[in-house]
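*Asks:* generate a structure from the sequence data that follows.
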Amino acid sequence: MKTFISLAVASSLTIFISPCAFAQAAAQGEGIVTLGGEVVDSACGLELVSVDQTIEMPPEPIGRIVRNARGEPHPFQLRLVNCSLTRPDPLRPGETLPDWQHLQVTFDGPTDRDGRSFAVFGGSQGVALHIVDSAGQESVPGERMAPAPLAEGDMTLHYTFRLVGNGLPMAVGAHSAAVRFKLEYF
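*Replies:* Presented below is the predicted three-dimensional model:
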(Lines give C-alpha, C1' and ligand atoms only; values in the text may rest on other atoms or scores of the structure.)
Protein backbone atom coordinates (compact mmCIF):
# COMPACT_ATOMS: atom_id res chain seq x y z
CA MET A 1 0.00 0.00 0.00
CA LYS A 2 1.73 3.20 -1.15
CA THR A 3 0.52 6.53 0.06
CA PHE A 4 1.16 9.86 -1.55
CA ILE A 5 0.27 12.95 0.43
CA SER A 6 0.28 16.32 -1.28
CA LEU A 7 0.24 19.54 0.68
CA ALA A 8 -0.69 22.77 -1.06
CA VAL A 9 -0.57 26.23 0.42
CA ALA A 10 -3.05 29.04 0.61
CA SER A 11 -0.80 31.51 2.37
CA SER A 12 -1.73 34.84 3.82
CA LEU A 13 0.88 36.39 1.53
CA THR A 14 -0.96 35.84 -1.68
CA ILE A 15 -1.72 37.76 -4.82
CA PHE A 16 -4.99 36.57 -6.22
CA ILE A 17 -5.50 37.21 -9.90
CA SER A 18 -8.87 36.28 -11.21
CA PRO A 19 -9.07 36.87 -14.93
CA CYS A 20 -12.29 38.27 -16.19
CA ALA A 21 -12.08 38.38 -19.95
CA PHE A 22 -14.65 39.88 -22.23
CA ALA A 23 -14.38 40.63 -25.91
CA GLN A 24 -15.86 43.32 -28.09
CA ALA A 25 -17.01 42.38 -31.56
CA ALA A 26 -16.55 45.92 -32.95
CA ALA A 27 -12.84 45.70 -33.78
CA GLN A 28 -10.98 42.58 -34.75
CA GLY A 29 -7.60 42.14 -33.05
CA GLU A 30 -8.55 44.36 -30.13
CA GLY A 31 -9.99 43.54 -26.77
CA ILE A 32 -9.86 44.15 -23.09
CA VAL A 33 -8.67 41.82 -20.37
CA THR A 34 -9.46 42.89 -16.83
CA LEU A 35 -7.41 41.47 -13.98
CA GLY A 36 -8.43 42.02 -10.39
CA GLY A 37 -6.59 40.96 -7.31
CA GLU A 38 -5.78 41.51 -3.69
CA VAL A 39 -2.51 41.83 -1.81
CA VAL A 40 -2.82 40.86 1.84
CA ASP A 41 -0.48 41.54 4.73
CA SER A 42 1.74 38.80 6.12
CA ALA A 43 4.20 38.47 8.98
CA CYS A 44 6.32 35.73 7.36
CA GLY A 45 7.31 34.24 4.08
CA LEU A 46 6.93 30.55 3.43
CA GLU A 47 10.05 28.69 2.37
CA LEU A 48 9.54 27.41 -1.17
CA VAL A 49 10.04 23.76 -0.25
CA SER A 50 7.16 24.13 2.24
CA VAL A 51 4.71 25.49 -0.31
CA ASP A 52 4.02 22.35 -2.35
CA GLN A 53 5.14 19.12 -0.72
CA THR A 54 4.64 15.59 -1.94
CA ILE A 55 5.36 13.05 0.76
CA GLU A 56 5.63 9.37 -0.11
CA MET A 57 4.94 6.98 2.74
CA PRO A 58 6.37 3.47 2.70
CA PRO A 59 3.84 0.64 2.49
CA GLU A 60 1.82 0.25 5.70
CA PRO A 61 0.94 -3.30 6.84
CA ILE A 62 -2.80 -3.66 7.26
CA GLY A 63 -2.23 -5.67 10.45
CA ARG A 64 -0.54 -2.71 12.17
CA ILE A 65 -3.52 -0.47 11.49
CA VAL A 66 -5.94 -3.17 12.68
CA ARG A 67 -3.91 -3.84 15.88
CA ASN A 68 -3.11 -0.21 16.76
CA ALA A 69 -6.05 1.56 15.08
CA ARG A 70 -3.43 3.74 13.38
CA GLY A 71 -0.35 3.54 11.21
CA GLU A 72 3.22 4.76 11.71
CA PRO A 73 3.75 8.52 12.19
CA HIS A 74 5.30 10.51 9.35
CA PRO A 75 6.69 13.97 10.17
CA PHE A 76 6.47 17.01 7.91
CA GLN A 77 7.25 20.69 8.40
CA LEU A 78 6.15 24.14 7.36
CA ARG A 79 9.12 26.50 7.42
CA LEU A 80 8.39 30.19 7.88
CA VAL A 81 11.16 32.61 6.92
CA ASN A 82 11.92 36.29 7.45
CA CYS A 83 9.20 36.76 10.05
CA SER A 84 8.81 40.34 11.18
CA LEU A 85 6.54 41.24 14.05
CA THR A 86 6.42 44.92 13.10
CA ARG A 87 3.49 46.03 10.94
CA PRO A 88 3.81 49.30 9.04
CA ASP A 89 0.56 51.23 8.71
CA PRO A 90 -0.16 51.66 4.99
CA LEU A 91 -2.47 54.61 5.69
CA ARG A 92 0.03 56.55 7.85
CA PRO A 93 3.59 56.48 6.49
CA GLY A 94 6.17 56.13 9.28
CA GLU A 95 3.56 54.80 11.73
CA THR A 96 3.02 51.19 12.77
CA LEU A 97 0.07 48.98 13.64
CA PRO A 98 0.14 46.67 16.69
CA ASP A 99 2.81 43.98 16.28
CA TRP A 100 1.99 40.52 14.98
CA GLN A 101 1.88 38.11 17.92
CA HIS A 102 0.34 34.80 16.83
CA LEU A 103 -0.34 32.58 13.88
CA GLN A 104 -2.95 29.94 13.22
CA VAL A 105 -2.78 27.09 10.75
CA THR A 106 -5.80 25.55 9.06
CA PHE A 107 -5.52 22.29 7.15
CA ASP A 108 -8.35 21.61 4.75
CA GLY A 109 -9.43 18.98 2.26
CA PRO A 110 -11.98 16.25 1.71
CA THR A 111 -13.05 14.74 5.04
CA ASP A 112 -13.56 11.29 6.52
CA ARG A 113 -14.49 9.92 9.96
CA ASP A 114 -17.42 12.35 10.33
CA GLY A 115 -15.19 15.33 9.52
CA ARG A 116 -12.42 14.46 12.01
CA SER A 117 -9.81 13.29 9.47
CA PHE A 118 -8.88 13.72 5.82
CA ALA A 119 -10.18 11.37 3.15
CA VAL A 120 -7.83 9.23 1.10
CA PHE A 121 -8.66 8.11 -2.42
CA GLY A 122 -7.56 5.12 -4.45
CA GLY A 123 -7.71 1.36 -4.27
CA SER A 124 -7.41 0.95 -0.52
CA GLN A 125 -10.34 1.11 1.85
CA GLY A 126 -10.82 1.52 5.59
CA VAL A 127 -8.27 4.27 6.24
CA ALA A 128 -8.21 8.05 6.60
CA LEU A 129 -5.38 10.54 7.12
CA HIS A 130 -4.92 12.25 10.47
CA ILE A 131 -2.67 15.27 11.23
CA VAL A 132 -1.31 16.26 14.67
CA ASP A 133 0.99 19.16 15.63
CA SER A 134 4.10 18.88 17.82
CA ALA A 135 2.03 19.64 20.94
CA GLY A 136 -0.36 16.76 20.18
CA GLN A 137 -3.24 18.93 18.97
CA GLU A 138 -5.27 17.17 16.30
CA SER A 139 -6.11 18.99 13.10
CA VAL A 140 -9.78 18.96 12.15
CA PRO A 141 -10.28 19.60 8.43
CA GLY A 142 -11.33 23.20 7.80
CA GLU A 143 -10.94 24.31 11.44
CA ARG A 144 -8.19 26.58 12.74
CA MET A 145 -5.70 24.99 15.07
CA ALA A 146 -4.82 26.70 18.37
CA PRO A 147 -2.85 29.94 18.04
CA ALA A 148 0.93 29.62 18.21
CA PRO A 149 3.28 32.42 19.26
CA LEU A 150 5.00 34.17 16.40
CA ALA A 151 8.76 34.79 16.62
CA GLU A 152 11.06 37.17 14.78
CA GLY A 153 13.24 35.54 12.07
CA ASP A 154 12.71 31.96 10.90
CA MET A 155 10.35 29.39 12.42
CA THR A 156 9.61 25.75 11.71
CA LEU A 157 6.18 24.30 12.44
CA HIS A 158 6.31 20.53 13.04
CA TYR A 159 3.46 18.16 12.23
CA THR A 160 2.91 14.43 11.95
CA PHE A 161 0.43 12.56 9.83
CA ARG A 162 -0.59 8.92 9.94
CA LEU A 163 -3.23 6.62 8.62
CA VAL A 164 -6.11 5.79 10.93
CA GLY A 165 -8.97 3.34 10.60
CA ASN A 166 -12.23 4.91 9.47
CA GLY A 167 -14.61 2.10 10.46
CA LEU A 168 -14.98 0.56 7.00
CA PRO A 169 -13.64 -2.90 6.24
CA MET A 170 -9.96 -2.72 5.33
CA ALA A 171 -8.81 -3.45 1.80
CA VAL A 172 -5.24 -3.22 0.57
CA GLY A 173 -4.26 -0.95 -2.30
CA ALA A 174 -2.59 2.31 -3.19
CA HIS A 175 -4.16 5.59 -2.13
CA SER A 176 -3.45 9.31 -2.08
CA ALA A 177 -4.69 12.42 -0.32
CA ALA A 178 -4.45 16.14 -0.97
CA VAL A 179 -4.43 18.56 1.95
CA ARG A 180 -4.34 22.37 1.68
CA PHE A 181 -3.12 24.61 4.45
CA LYS A 182 -3.62 28.28 5.28
CA LEU A 183 -1.57 30.49 7.59
CA GLU A 184 -3.20 33.40 9.38
CA TYR A 185 -1.36 36.02 11.42
CA PHE A 186 -2.76 38.30 14.11
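*Asks:* model confidence for residue 53, exactly?
*Replies:* What the model reports as pLDDT for residue 53 is 84.
*Asks:* correct me if wrong: it contacts residue 76.
*Replies:* Yes. Assessed by CB atoms under 8 Å, residue 53 is found in contact with residue 76 at 6.4 Å. Using the backbone N, CA and C atoms, a C-beta is placed for each residue, glycine as well.
*Asks:* and the helix or strand harbouring residue 50, what other elements does it pack with?
*Replies:* Here residue 50, judged by DSSP states H and E, is contained in helix 48-51. On a contact count with 3 or more CB pairs under 8 Å, 6 or more residues apart in numbering; DSSP states H and E, helix 48-51 meets strand 3-10, strand 74-83.
*Asks:* gap between it and the chain center?
*Replies:* Helix 48-51 has its C-alpha centroid displaced from the chain centroid by 11 Å (CA atoms, centre = their mean, to the nearest Å).
*Asks:* okay, buried residues for the longest strand along the chain please.
*Replies:* For the chain, the strand with the greatest residue count under DSSP state E is strand 153-165. Neighbour-count burial for strand 153-165, counted by 16 or more other CB atoms under 10 Å, picks out 155, 157, 159, 161-165.
*Asks:* closest to residue 104 out of the residues you listed?
*Replies:* When the buried residues of strand 153-165 are compared for distance to residue 104 (CB to CB), residue 157 wins out at 10.8 Å.
*Asks:* touching, that closest one and residue 75? I think so.
*Replies:* No. Assessed by CB under 8 Å, residue 157 is found out of contact with residue 75, at 11.2 Å.
*Asks:* what's the span of stretch 87-103, first residue to last?
*Replies:* Stretch 87-103 has an end-to-end distance of 14 Å (CA to CA, to the nearest Å).
*Asks:* in that stretch, what counts as buried?
*Replies:* 100, 103.
*Asks:* show me what it is in contact with.
*Replies:* Residues from elsewhere that reach stretch 87-103 (CB atoms under 8 Å, 6 or more residues apart in numbering): 41, 43-44, 80, 83-86, 147-150, 183-186.
*Asks:* go again with 10 Å.
*Replies:* 12, 41-44, 80, 83-86, 145-152, 155, 157, 183-186 (CB atoms under 10 Å, 6 or more residues apart in numbering).
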